[in-house]
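Participant: Could you look at this predicted model? Sequence included:
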Amino acid sequence: MAQIDLDLAHSYRPGPQSDSDYALLPLKMSFRDGGAYALLGPSGCGKTTMLNVISGLVQPSQGSLRFDGKDVTTLTPQQRNIAQVFQFPVIYDTMTVAENLAFPLRNRGVSVDHIAKRVGQIAEMLEISHQLNQRAAGLSADAKQKISLGRGLVREDVSAVLFDEPLTVIDPHLKWQLRRKLKQIHHELKLTLIYVTHDQVEALTFAEEIVVMTRGRAVQTGSAAELFERPQHTFVGNFIGSPGMNFLPAHCLGNQIQIGSHAFDIPEQAQHASLHAIGDFLIGIRPEYVELTTAGHAGALPAHVVRVQDVGTHWIITATVDTAQVAGLITVKARLSAETTMPDAGDTAWLRIINPHTRFYDNEEMIA
Ligand SMILES: Nc1ncnc2c1ncn2[C@@H]1O[C@H](COP(=O)(O)OP(=O)(O)OP(=O)(O)O)[C@@H](O)[C@H]1O
């Protein structure tokens, strides 16, 4: 296992001129030895490029990377001692499940006894012990991908195990089980795992730390709770959560926050942010933290209710807030508990949007 430090950028085009020429913009980041990470972001944001730069399949066009302080930039995947699991099964159909799992160990000259022990352990973890003597050829796509996962996890001496959307071919129910299983396996094997996905549920279930990426940038690395409570970038606010964070344009007038024609006291968490010096900014509040309250309540403004949806364990209210000439009508969503007395579509509801959970953004970055 190794601590992985990146200080690099990558462009597939020679002589990149603008940000859009880069698949990975210049970044500095570290993956802790033994950590479980997810690289999360929409299609094309650079996740696979980052994974391939770590494995050595792609050489960064600028900068370097280190494993435990040693520069590995020019080393091959094999020299870097990386195991990789891809979207589709990479196994030998003519071999049995046990032989497939043993293959990476046999290649490294591990003793027969140790191979048998380790293959048994991995098969048990993945619940494929009963299939060890079957030929891989006859197995379902799900079972084959489990073998691929097993082959990725079987070696104890790897620097890291990299997964590129490994559950794509897996049936939805099994997918859910395997995500939990991988988390448990990480706990037991203490391998450094880096897992690429565009699915936030997958990332949040599996990883201790999630690297959120957009347009070639890693905009935040943090636990599920950190990404939820303190999105450092508006993209994280939007992308994480369902529905995503609400954003409203605001500015400072005297020592108050002005949204449309409504003025609010600056809350405790933004006292230090010199909002008056910034001028225009965005406030962000998660639908979970928008409170339904009464007229004139501190931190609340009137909203026109457009839709009220019962989504089982809670309700989602969609309403519009008038920000006047700043941005016209802005949609705000509130996620309310099933016990709340709901307004109807067409009503005016007072929504408390300034409270201790409100965040402040300048140029997409969180400032308070
Ligand atoms: N071999 C390549 N040559 C040129 N451009 C590439 C190559 N591979 C990726 N790109 C470009 O680099 C950018 C990042 O792609 P990458 O595959 O890393 O993103 P991703 O987040 O993994 O997307 P997906 O989830 O769709 O796989 C995209 O604009 C993509 O078109």
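Facilitator: Thanks, I have the structure now. Numbering: from 1, shown residues only.
Participant: Look at the residue of the stretch 151-300 of the chain found nearest the ligand and say how many residues are nearby.
Facilitator: Closest residue of the stretch 151-300 of the chain to the ligand, C-beta to the nearest ligand atom: residue 198 (5.2 Å). For every residue, glycine as well, the C-beta is placed using N, CA and C. A count of nearby residues for residue 198, using other C-beta atoms under 10 Å, gives 17.
Participant: That one against residue 40, yeah?
Facilitator: Yes - look at residue 198 against residue 40 with C-beta atoms under 8 Å: they come within range, at 7.0 Å.
Participant: can you list the residues of this protein near the ligand?
Facilitator: Taking C-beta under 6 Å from any ligand atom as the contact definition, the chain meets the ligand at 12, 23, 41, 43-49, 198.
Participant: if we go to 8 Å?
Facilitator: Contact residues, the chain versus the ligand (C-beta under 8 Å from any ligand atom): 12-13, 23-24, 39, 41-52, 58, 164-165, 196, 198, 213, 216.
Participant: From the residues you listed, which land in strands?
Facilitator: Taking DSSP state E, the ones among the residues of the chain next to the ligand that sit in strands are 24, 39, 164, 196, 213.
Participant: what's the span of stretch 215-225, first residue to last?
Facilitator: 23 Å (C-alpha to C-alpha, to the nearest Å).
Participant: Contacts made by that stretch with the rest, please.
Facilitator: Outside stretch 215-225, the residues within contact range by C-beta atoms under 8 Å, 6 or more residues apart in numbering are 19-20, 22-25, 27, 29, 37, 45-46, 50, 204, 207-213, 226-227, 230-233, 235-236.
Participant: Restricted to buried residues, select those residues in PyMOL.
Facilitator: Of the contacts of stretch 215-225, the buried ones go into a single PyMOL selection, burial set by 16 or more other C-beta atoms under 10 Å:
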select buried, resi 22+23+24+25+27+37+45+46+50+204+207+208+209+210+211+212+213+227+230+231+232+233+235+236
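Participant: Out of the contacts of stretch 215-225, which sit inside helices?
Facilitator: With DSSP state H as the criterion, helices contain 50, 204, 226-227, 235-236 from among the contacts of stretch 215-225.
Participant: wouldn't residue 300 be in contact with residue 353 here?
Facilitator: Yes - the criterion here is C-beta under 8 Å, and residue 300 meets it with residue 353 at 7.2 Å.
Participant: Just the buried residues of stretch 320-327, please?
Facilitator: For stretch 320-327, by 16+ other C-beta under 10 Å, it's 321-323.
Participant: all strands of the stretch 201-350 of the chain, in order?
Facilitator: Using DSSP state E, counting those that start in this stretch, the strands of the stretch 201-350 of the chain run over 209-214, 217-222, 246-253, 256-259, 262-265, 280-285, 291-293, 300-310, 314-322, 329-337, 348-352.
Participant: Would you format these as JSON lines with mean pLDDT included?
Facilitator: Shown next, in JSON lines, are these (pLDDT from 0 to 100):
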{"stretch": "strand 209-214", "mean pLDDT": "98"}
{"stretch": "strand 217-222", "mean pLDDT": "97"}
{"stretch": "strand 246-253", "mean pLDDT": "95"}
{"stretch": "strand 256-259", "mean pLDDT": "95"}
{"stretch": "strand 262-265", "mean pLDDT": "95"}
{"stretch": "strand 280-285", "mean pLDDT": "97"}
{"stretch": "strand 291-293", "mean pLDDT": "96"}
{"stretch": "strand 300-310", "mean pLDDT": "97"}
{"stretch": "strand 314-322", "mean pLDDT": "97"}
{"stretch": "strand 329-337", "mean pLDDT": "96"}
{"stretch": "strand 348-352", "mean pLDDT": "97"}
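Participant: Could you single out the most deeply buried of these?
Facilitator: strand 209-214 (a mean of 23; mean count of other C-beta atoms under 10 Å).
Participant: For that strand, which outside residues touch it?
Facilitator: Residues from elsewhere that reach strand 209-214, judged by C-beta under 8 Å, 6+ apart: 29, 32, 35-42, 45-47, 50, 203-204, 218-224, 227, 233, 235-236, 239-240.
Participant: Adjacent strands (with direction) for it?
Facilitator: In the sheet, strand 209-214 lines up against strand 36-40 (parallel), strand 217-222 (antiparallel) (DSSP bridges).
Participant: May I see these organised as a markdown table, with distance to residue 327 added?
Facilitator: Shown next, in a markdown table, are those (distance: least, C-beta to C-beta, whole Å):
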| stretch | distance to residue 327 |
| --- | --- |
| strand 36-40 | 29 |
| strand 217-222 | 23 |
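Participant: beta partners of residue 309?
Facilitator: Note on residue 309: beta-bridge partners by DSSP bridges are residue 316.
Participant: I should have written residue 37 there, sorry.
Facilitator: Counting by DSSP bridges, residue 37 forms beta bridges with residue 194, residue 209.
Participant: Tell me which residues touch it, please.
Facilitator: Residue 37 touches 31, 193-195, 207-211, 221, counting by C-beta under 8 Å, 6+ apart.
Participant: Repeat the analysis, applying 6 Å as the threshold.
Facilitator: Under the criterion of C-beta atoms under 6 Å, 6 or more residues apart in numbering, the neighbours of residue 37 are 31, 194, 207, 209.
Participant: Of these, which pair is most distant in space?
Facilitator: Spanning the widest gap among the contacts of residue 37 are 31 and 207, at 11.1 Å by C-beta to C-beta.
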